[in-house]
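Trainee: requesting a structural model of the entry that follows:
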Amino acid sequence: MNKTFGVIGGDRRQAELAGLLEADGCMVRTYGLGTWRSGDETSLRQAAACDVVILPLPLCQGDGVLNCRESPVPTLDLFQSLRPDQLILAGQVKPKQIREAELCGLKVEDYFLREELTVANAAATAEAAIQVAMEQLDRTLLGMDCLVVGFGRIGKLLSSRLHGLGARVTASARKPGDLAWIRAYGWQALETGGLDGRLESFGAVFNTVPSLILDAALLSQLSPGCLCVDLASVPGIDLAAAESLGLPHVWARSLPGRLVPRTAAAVIRDAVYYILEERGEPA
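Mentor: Okay, the predicted model is just below:
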(Lines give C-alpha, C1' and ligand atoms only; values in the text may rest on other atoms or scores of the structure.)
Protein backbone atom coordinates (compact mmCIF):
# COMPACT_ATOMS: atom_id res chain seq x y z
CA MET A 1 0.00 0.00 0.00
CA ASN A 2 1.33 3.39 -0.96
CA LYS A 3 0.73 5.90 1.79
CA THR A 4 -0.05 9.56 1.31
CA PHE A 5 1.93 12.13 3.28
CA GLY A 6 0.62 15.48 4.44
CA VAL A 7 3.36 17.98 5.32
CA ILE A 8 1.77 20.87 7.20
CA GLY A 9 3.52 24.03 8.37
CA GLY A 10 7.15 24.66 9.25
CA ASP A 11 10.21 26.17 7.64
CA ARG A 12 12.61 25.31 4.82
CA ARG A 13 13.37 21.86 6.21
CA GLN A 14 9.67 20.89 5.92
CA ALA A 15 9.65 22.12 2.31
CA GLU A 16 12.78 20.09 1.61
CA LEU A 17 11.16 17.12 3.38
CA ALA A 18 8.21 17.27 1.00
CA GLY A 19 10.61 17.28 -1.95
CA LEU A 20 12.57 14.30 -0.61
CA LEU A 21 9.38 12.29 -0.07
CA GLU A 22 8.26 13.08 -3.61
CA ALA A 23 11.67 12.04 -4.94
CA ASP A 24 11.13 8.69 -3.21
CA GLY A 25 7.89 8.26 -5.16
CA CYS A 26 5.52 9.14 -2.34
CA MET A 27 2.26 11.03 -2.83
CA VAL A 28 2.68 14.28 -0.89
CA ARG A 29 0.26 17.09 -0.12
CA THR A 30 1.50 20.24 1.57
CA TYR A 31 0.03 23.25 3.32
CA GLY A 32 1.49 26.28 5.05
CA LEU A 33 4.98 26.26 3.57
CA GLY A 34 4.50 29.53 1.70
CA THR A 35 7.44 30.68 -0.40
CA TRP A 36 9.59 27.80 0.88
CA ARG A 37 7.61 25.46 -1.35
CA SER A 38 8.22 25.73 -5.08
CA GLY A 39 5.52 23.21 -6.02
CA ASP A 40 1.76 23.56 -5.79
CA GLU A 41 0.20 23.46 -2.36
CA THR A 42 -3.15 21.94 -1.43
CA SER A 43 -5.77 23.01 1.07
CA LEU A 44 -5.32 22.32 4.77
CA ARG A 45 -8.24 19.89 4.55
CA GLN A 46 -6.54 17.86 1.82
CA ALA A 47 -3.16 17.76 3.57
CA ALA A 48 -4.82 16.83 6.86
CA ALA A 49 -6.61 13.89 5.22
CA CYS A 50 -3.40 11.99 4.37
CA ASP A 51 -2.39 8.66 5.89
CA VAL A 52 0.69 10.20 7.53
CA VAL A 53 0.54 13.78 8.75
CA ILE A 54 3.92 15.38 9.43
CA LEU A 55 3.77 18.53 11.51
CA PRO A 56 6.70 20.92 12.02
CA LEU A 57 9.67 21.12 14.36
CA PRO A 58 8.87 22.84 16.63
CA LEU A 59 5.15 22.14 16.49
CA CYS A 60 4.11 25.57 17.80
CA GLN A 61 5.27 29.09 17.09
CA GLY A 62 3.19 30.55 19.93
CA ASP A 63 0.81 29.44 22.64
CA GLY A 64 -1.44 26.92 20.93
CA VAL A 65 -0.67 28.12 17.38
CA LEU A 66 0.83 25.89 14.70
CA ASN A 67 4.28 26.83 13.38
CA CYS A 68 2.95 27.82 9.97
CA ARG A 69 3.71 30.53 7.40
CA GLU A 70 0.07 30.88 6.38
CA SER A 71 -2.76 32.31 8.49
CA PRO A 72 -2.63 31.25 12.17
CA VAL A 73 -3.89 27.71 12.73
CA PRO A 74 -4.80 26.83 16.36
CA THR A 75 -3.47 23.37 17.11
CA LEU A 76 -6.78 22.32 18.65
CA ASP A 77 -8.60 23.19 15.41
CA LEU A 78 -6.05 21.17 13.45
CA PHE A 79 -6.36 18.16 15.75
CA GLN A 80 -10.15 18.26 15.40
CA SER A 81 -9.70 17.79 11.65
CA LEU A 82 -7.54 14.66 12.04
CA ARG A 83 -8.49 11.01 12.58
CA PRO A 84 -7.35 8.39 15.12
CA ASP A 85 -6.30 6.00 12.33
CA GLN A 86 -3.70 8.44 10.97
CA LEU A 87 -0.02 8.47 11.93
CA ILE A 88 0.49 11.98 13.31
CA LEU A 89 4.08 13.13 13.76
CA ALA A 90 5.46 16.39 15.15
CA GLY A 91 8.60 17.77 16.76
CA GLN A 92 9.02 19.27 20.24
CA VAL A 93 5.40 18.68 21.23
CA LYS A 94 4.40 20.56 24.38
CA PRO A 95 2.20 19.03 27.11
CA LYS A 96 -0.68 21.33 26.17
CA GLN A 97 -0.75 19.96 22.62
CA ILE A 98 -0.52 16.38 23.89
CA ARG A 99 -3.63 17.04 25.99
CA GLU A 100 -5.42 18.69 23.06
CA ALA A 101 -4.70 15.68 20.87
CA GLU A 102 -5.89 13.27 23.54
CA LEU A 103 -9.16 15.21 23.85
CA CYS A 104 -9.63 14.54 20.14
CA GLY A 105 -8.84 10.85 20.53
CA LEU A 106 -5.46 11.25 18.85
CA LYS A 107 -1.89 10.28 19.66
CA VAL A 108 0.87 12.59 18.42
CA GLU A 109 4.29 10.95 18.17
CA ASP A 110 7.18 13.33 18.83
CA TYR A 111 9.87 12.50 16.28
CA PHE A 112 12.31 14.84 18.02
CA LEU A 113 12.50 12.37 20.92
CA ARG A 114 14.17 9.79 18.70
CA GLU A 115 17.89 9.43 19.38
CA GLU A 116 18.91 9.07 15.74
CA LEU A 117 17.21 12.38 14.94
CA THR A 118 18.39 14.37 17.96
CA VAL A 119 22.02 13.31 17.46
CA ALA A 120 21.97 14.21 13.76
CA ASN A 121 20.22 17.49 14.57
CA ALA A 122 22.85 18.27 17.20
CA ALA A 123 25.63 17.64 14.68
CA ALA A 124 23.99 19.97 12.17
CA THR A 125 23.48 22.60 14.87
CA ALA A 126 27.13 22.44 15.94
CA GLU A 127 28.35 22.85 12.37
CA ALA A 128 25.93 25.71 11.71
CA ALA A 129 26.91 27.41 14.97
CA ILE A 130 30.51 27.57 13.78
CA GLN A 131 29.33 29.05 10.49
CA VAL A 132 27.44 31.76 12.42
CA ALA A 133 30.50 32.50 14.57
CA MET A 134 32.79 32.77 11.54
CA GLU A 135 30.39 35.20 9.89
CA GLN A 136 30.28 37.39 13.00
CA LEU A 137 33.95 37.35 14.01
CA ASP A 138 36.71 39.46 12.50
CA ARG A 139 39.36 36.91 13.42
CA THR A 140 39.79 33.14 13.18
CA LEU A 141 38.83 30.57 15.76
CA LEU A 142 42.38 29.23 15.65
CA GLY A 143 43.94 29.94 19.03
CA MET A 144 40.83 31.63 20.38
CA ASP A 145 39.58 30.83 23.89
CA CYS A 146 36.00 29.58 23.45
CA LEU A 147 33.48 28.67 26.13
CA VAL A 148 30.69 26.16 25.50
CA VAL A 149 28.03 26.35 28.21
CA GLY A 150 26.33 22.99 28.66
CA PHE A 151 27.62 19.54 27.73
CA GLY A 152 24.63 17.82 26.21
CA ARG A 153 24.58 16.52 22.64
CA ILE A 154 25.13 19.93 21.06
CA GLY A 155 27.72 20.97 23.64
CA LYS A 156 29.76 17.80 23.08
CA LEU A 157 29.73 18.04 19.30
CA LEU A 158 30.35 21.79 19.23
CA SER A 159 33.31 21.46 21.62
CA SER A 160 34.79 18.76 19.39
CA ARG A 161 34.42 20.83 16.24
CA LEU A 162 35.87 23.95 17.84
CA HIS A 163 38.84 21.88 19.03
CA GLY A 164 39.30 20.55 15.50
CA LEU A 165 39.58 24.12 14.24
CA GLY A 166 42.32 24.88 16.74
CA ALA A 167 40.29 26.80 19.32
CA ARG A 168 41.19 26.51 23.00
CA VAL A 169 38.04 24.93 24.34
CA THR A 170 36.51 25.31 27.79
CA ALA A 171 33.19 23.58 28.43
CA SER A 172 30.90 23.90 31.40
CA ALA A 173 28.60 21.31 32.95
CA ARG A 174 26.72 20.64 36.17
CA LYS A 175 27.20 16.89 36.51
CA PRO A 176 30.52 15.54 37.86
CA GLY A 177 30.49 12.84 35.19
CA ASP A 178 30.25 15.42 32.40
CA LEU A 179 33.04 17.48 33.94
CA ALA A 180 35.18 14.34 34.00
CA TRP A 181 34.49 13.70 30.31
CA ILE A 182 35.41 17.29 29.43
CA ARG A 183 38.78 16.85 31.14
CA ALA A 184 39.23 13.43 29.51
CA TYR A 185 38.90 15.07 26.09
CA GLY A 186 41.72 17.41 27.08
CA TRP A 187 39.57 20.54 27.46
CA GLN A 188 39.20 22.89 30.39
CA ALA A 189 36.18 22.18 32.57
CA LEU A 190 34.08 24.65 34.56
CA GLU A 191 30.99 24.13 36.66
CA THR A 192 28.08 25.93 35.04
CA GLY A 193 27.15 27.43 38.37
CA GLY A 194 30.72 28.59 38.99
CA LEU A 195 31.45 30.86 36.03
CA ASP A 196 31.79 34.00 38.15
CA GLY A 197 35.31 35.39 37.86
CA ARG A 198 36.30 32.93 35.10
CA LEU A 199 35.07 34.68 31.95
CA GLU A 200 37.47 37.46 31.01
CA SER A 201 39.68 35.46 28.62
CA PHE A 202 37.04 34.24 26.17
CA GLY A 203 36.67 35.54 22.63
CA ALA A 204 33.45 33.62 21.98
CA VAL A 205 30.81 32.06 24.21
CA PHE A 206 28.29 29.49 22.96
CA ASN A 207 25.29 28.70 25.15
CA THR A 208 23.33 25.45 24.75
CA VAL A 209 21.33 25.56 28.01
CA PRO A 210 17.64 26.58 27.68
CA SER A 211 17.51 28.62 30.90
CA LEU A 212 19.18 31.85 31.94
CA ILE A 213 22.85 31.25 32.77
CA LEU A 214 24.75 34.34 31.62
CA ASP A 215 23.00 37.29 33.25
CA ALA A 216 24.10 40.91 33.17
CA ALA A 217 26.54 40.44 36.04
CA LEU A 218 28.36 37.58 34.30
CA LEU A 219 28.23 39.20 30.88
CA SER A 220 29.94 42.29 32.27
CA GLN A 221 32.98 40.11 33.02
CA LEU A 222 33.48 39.17 29.36
CA SER A 223 36.15 40.97 27.37
CA PRO A 224 34.98 43.73 25.01
CA GLY A 225 34.11 42.25 21.64
CA CYS A 226 33.45 38.74 22.98
CA LEU A 227 30.90 37.11 20.68
CA CYS A 228 27.87 35.59 22.45
CA VAL A 229 26.01 32.91 20.48
CA ASP A 230 22.87 31.46 22.05
CA LEU A 231 21.80 28.14 20.53
CA ALA A 232 19.02 27.34 23.01
CA SER A 233 15.30 27.54 22.26
CA VAL A 234 14.92 29.59 25.44
CA PRO A 235 17.83 32.05 25.75
CA GLY A 236 20.48 31.21 28.31
CA ILE A 237 22.18 34.54 27.62
CA ASP A 238 20.56 37.82 28.68
CA LEU A 239 20.53 39.26 25.16
CA ALA A 240 19.20 42.64 26.28
CA ALA A 241 22.10 42.92 28.74
CA ALA A 242 24.56 41.88 26.03
CA GLU A 243 23.15 44.65 23.84
CA SER A 244 23.51 47.27 26.56
CA LEU A 245 27.07 46.13 27.24
CA GLY A 246 27.98 46.43 23.57
CA LEU A 247 28.75 42.71 23.20
CA PRO A 248 28.13 41.21 19.77
CA HIS A 249 25.40 38.62 20.18
CA VAL A 250 23.24 36.27 18.13
CA TRP A 251 20.22 34.22 19.16
CA ALA A 252 20.90 31.41 16.71
CA ARG A 253 17.99 29.10 17.33
CA SER A 254 16.63 26.60 14.78
CA LEU A 255 19.90 26.66 12.85
CA PRO A 256 19.41 23.39 10.93
CA GLY A 257 16.16 24.67 9.45
CA ARG A 258 17.74 27.95 8.40
CA LEU A 259 21.26 27.00 7.31
CA VAL A 260 21.23 23.29 6.42
CA PRO A 261 17.56 22.57 5.65
CA ARG A 262 18.17 19.71 3.22
CA THR A 263 20.29 17.81 5.74
CA ALA A 264 17.71 18.46 8.46
CA ALA A 265 14.93 17.30 6.15
CA ALA A 266 16.73 14.06 5.31
CA VAL A 267 17.07 13.32 9.02
CA ILE A 268 13.33 13.82 9.57
CA ARG A 269 12.47 11.71 6.51
CA ASP A 270 14.62 8.85 7.79
CA ALA A 271 12.97 9.08 11.22
CA VAL A 272 9.53 8.92 9.58
CA TYR A 273 10.55 5.82 7.63
CA TYR A 274 11.95 4.18 10.79
CA ILE A 275 8.68 4.84 12.62
CA LEU A 276 6.67 3.31 9.78
CA GLU A 277 8.95 0.25 9.70
CA GLU A 278 8.57 -0.22 13.46
CA ARG A 279 4.80 -0.15 13.01
CA GLY A 280 5.02 -2.71 10.20
CA GLU A 281 3.71 -0.14 7.74
CA PRO A 282 6.40 0.60 5.13
CA ALA A 283 5.84 3.70 3.02
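
Trainee: only C-alpha atoms from now on, for both contacts and neighbour counts.
Mentor: Fine.

Trainee: pLDDT below threshold where in the protein?
Mentor: Applying pLDDT under 70 to the chain flags residues 1, 36, 38-40, 283.

Trainee: the domain parsing of it - what is it?
Mentor: 4-113+259-278, 122-252 (automatic domain parsing).

Trainee: now the ones you listed as TSV including mean neighbour count?
Mentor: Conversion of those to TSV gives the following (neighbours: other CA atoms under 10 Å):
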stretch	mean neighbour count
domain 4-113+259-278	19
domain 122-252	18
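
Trainee: quick one: contacts for the residue nearest the centre of the chain?
Mentor: Geometric centre of the chain, nearest residue: residue 254, 4.4 Å, by CA atoms, centre = their mean. By CA atoms under 8 Å, 6 or more residues apart in numbering, the residues touching residue 254 are 125, 231, 233.

Trainee: please name the nearest non-neighbouring residue to residue 140.
Mentor: residue 134 (7.2 Å; CA to CA, 6 or more residues apart in numbering).

Trainee: for that neighbour, phi and psi?
Mentor: Phi and psi for residue 134, reported as degrees, to the nearest 10, are phi -60, psi -30.

Trainee: can you check residue 185 too?
Mentor: Dihedral angles (degrees, to the nearest 10) for residue 185: phi -80, psi -10.

Trainee: same thing with the one 4 residues further on?
Mentor: Summarising the backbone geometry of residue 189 under the convention degrees, to the nearest 10, its torsions are phi -120, psi 140.

Trainee: just residue 61 next, same as before
Mentor: Torsion angles, degrees, to the nearest 10, at residue 61: phi -110, psi -10.

Trainee: do I have it right that it meets residue 73?
Mentor: No: the pair residue 61 / residue 73 is not scored as a contact, 10.2 Å apart, by CA atoms under 8 Å.

Trainee: which residues are in contact with residue 124?
Mentor: 255, 256, 260, 263, 264.

Trainee: doesn't residue 129 make contact with the third one?
Mentor: Which is residue 260. No: under the criterion of CA under 8 Å, residue 260 makes no contact with residue 129, lying 11.1 Å away.

Trainee: give me phi/psi at residue 265?
Mentor: Dihedral angles for residue 265 - degrees, to the nearest 10 - are phi -70, psi -40.

Trainee: in helices only, show me the contacts of residue 124.
Mentor: Among these, the members found in helices (DSSP state H) are 255, 256, 263, 264.

Trainee: what's the farthest-apart pair in the residues you listed?
Mentor: Within the ones in helices among the contacts of residue 124, 255 and 263 form the most distant pair, 11.4 Å apart (CA to CA).

Trainee: helix/strand/coil for residue 20?
Mentor: Put simply, residue 20 is helix when judged by DSSP: H, G, I helix; E, B strand; the rest coil.

Trainee: next up, the contacts around it.
Mentor: 265, 266, 269.

Trainee: quick check: residue 260 vs residue 98, distance?
Mentor: Relative to residue 98, residue 260 is positioned 29 Å away (CA to CA, to the nearest Å).

Trainee: so residue 140: helix, strand or coil?
Mentor: Once three-state DSSP is applied, residue 140 turns out coil.

Trainee: quick one: it from residue 162, how far?
Mentor: 11 Å.

Trainee: on the three-state scheme, the nearest residue to residue 84 once chain neighbours are set aside is what?
Mentor: Closest residue in space to residue 84, ignoring its immediate chain neighbours: residue 106 at 5.1 Å, by CA to CA, 6+ apart. Judged by three-state DSSP, the three-state class of residue 106 is coil.

Trainee: isn't residue 106 right up against residue 83?
Mentor: Yes: at 7.0 Å, residue 106 counts as touching residue 83 under the criterion of CA under 8 Å.
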